[in-house]
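J.: Coordinates for the following, if possible.
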Amino acid sequence: MAFNPAQAAAALLRDRQNHMVVSSLPPGIAPTTEAEGAAVQHALARLVNADPPFGFKIGATGRRMQTYLGVDAPIAGFMQGKDVYLSHANLRFADYIRPGVECEVAVRLAADLPPGPCSLQQAQAAVGDFVAAIEIVENRYGDLKDLGTPTLVADQMYHAAAVIGEQGNTDWRTLDIGALHGRISLDDGTGDHGVTTDLLGHPLTGLAWLAGSAVAAAFGGLKAGQIVMLGSVTPPVWLSGPATVTVTFPPLPPVTVRLT
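T.: Next up, the predicted model:
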């Protein structure tokens, strides 16, 4: 019998709407491969009227993130337009399930990238803007080993929202974007830092990977105008309460989010 992604998508959406921790899905409906997980994710996008999506997030592109999550390859998820903000956002802490924040860079595509193999040069040629970003993630999972990677793919891999920076006056092509230093700072004085070299060796390697991924195939490829989050240079900073968060990747303009 052919795999039907609709039941798993409905179950994941129901858990999310009820602020429930996502555990392993029943064997009869759970995806068992990355391609099945991508099909569930596409079905989930249709349920929330996000097909085609505003963009995509890529997780686990950094070695620290892969170690933290216990995975050895990137995972991608779609993003809804209503959850993506420009430069700054004021959000309600209570609207999220155990929220955290990540120190990211992102691109806005100027050209389509069809599904299938993609070189770093092809990915770079498709980029319009290269910006700093914050991803708001949710720890809405139990034991990741019980959950399984296909279900993590299906559920957009922790994604909740994003704040995308502006390009500013600096042409990103004049920068060494493979060695930008990023910092995430909280108003309580804590934070972390990292460098874009850690994102698969070069941040746009993740974009090339996404174009060839099962998720891109499920959505019919990447389209001009979409935003793609390229991954975090630090592990997530989990929040215990309201906070103001700033991410900087000089000389790119900074981004902030305030969760109250």
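
J.: show me where pLDDT drops low in this protein?
T.: Along the chain, segments meeting pLDDT under 70 span 1.

J.: now the helices for it?
T.: Per DSSP state H, the chain carries helices over the ranges 6-17, 34-47, 63-69, 120-125, 144-147, 149-154, 203-211, 214-218.

J.: Throw those into TSV and include distance to Val101, thanks.
T.: In short, each C-beta sits where N, CA and C put it, glycine included. Output for the helices of the chain, formatted as TSV (distance: least, C-beta to C-beta, whole Å):
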stretch	distance to Val101
helix 6-17	19
helix 34-47	22
helix 63-69	13
helix 120-125	26
helix 144-147	20
helix 149-154	19
helix 203-211	19
helix 214-218	23
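
J.: Skipping adjacent residues, who's closest to Ile136 in space?
T.: Nearest residue to Ile136 in three dimensions, chain neighbours excluded: Ala161, at 4.1 Å (C-beta to C-beta, 6 or more residues apart in numbering).

J.: go on, Met79?
T.: Gly55 (4.6 Å).

J.: Next up, the contacts around the one you found.
T.: Gly55 is in contact with 78-79, 84, 226-229, counting by C-beta atoms under 8 Å, 6 or more residues apart in numbering.

J.: What residues sit buried inside stretch 107-114?
T.: By 16 or more other C-beta atoms under 10 Å, the buried positions in stretch 107-114 come out as 107-109, 113.

J.: how long is it end to end?
T.: Stretch 107-114 has its terminal residues 16 Å apart, counting by C-alpha to C-alpha, to the nearest Å.

J.: what do you get for stretch 138-157?
T.: End-to-end distance of stretch 138-157 (C-alpha to C-alpha): 9 Å.

J.: Okay, strands next: where are they in the chain?
T.: 55-59, 75-79, 84-86, 88-91, 99-109, 127-138, 159-164, 181-186, 191-195, 227-232, 237-238, 243-249, 252-259 (DSSP state E).

J.: okay, those strands, which one's buried deepest?
T.: strand 227-232 (a mean of 28; mean count of other C-beta atoms under 10 Å).

J.: which helices and strands sit right next to that strand?
T.: Using 3 or more C-beta pairs under 8 Å, 6 or more residues apart in numbering; DSSP states H and E, the elements in contact with strand 227-232 are strand 55-59, strand 99-109, strand 127-138, strand 159-164, helix 203-211.

J.: Of all these, which one is nearest Glu34?
T.: With C-beta to C-beta as the criterion, Glu34 lies closest to helix 203-211 of the helices and strands packed on strand 227-232, at 12.4 Å.

J.: what's next to that closest one, contact-wise?
T.: Under the contact criterion C-beta under 8 Å, 6+ apart, helix 203-211 has outside partners 56, 58, 61, 74, 76, 105, 107, 113-120, 122-124, 126-127, 177-178, 196, 199-200, 216, 221-222, 228, 230-231.

J.: one more time with 7 Å, if that's ok
T.: By C-beta atoms under 7 Å, 6 or more residues apart in numbering, the surrounding residues in contact with helix 203-211 are 56, 58, 61, 74, 76, 105, 107, 113, 115, 118-120, 122-124, 127, 177-178, 196, 199-200, 216, 222, 228, 230-231.

J.: Check the offset of that helix from the chain's centre.
T.: How far helix 203-211 lies from its chain's middle: 12 Å, per C-alpha atoms, centre = their mean, to the nearest Å.

J.: Going by neighbour count, which residues of that helix are buried?
T.: Residues of helix 203-211 classed as buried: 203-211 (neighbour count, 16+ other C-beta under 10 Å).

J.: Taking strand 227-232 as reference, get the angle to it.
T.: Angle of helix 203-211 versus strand 227-232, following axes from the mean of the first three to the mean of the last three C-alpha atoms, to 10 degrees, is 120 degrees.

J.: how far away is Trp172 from Ser87?
T.: Using C-beta to C-beta, to the nearest Å, we find Trp172 at a distance of 16 Å from Ser87.
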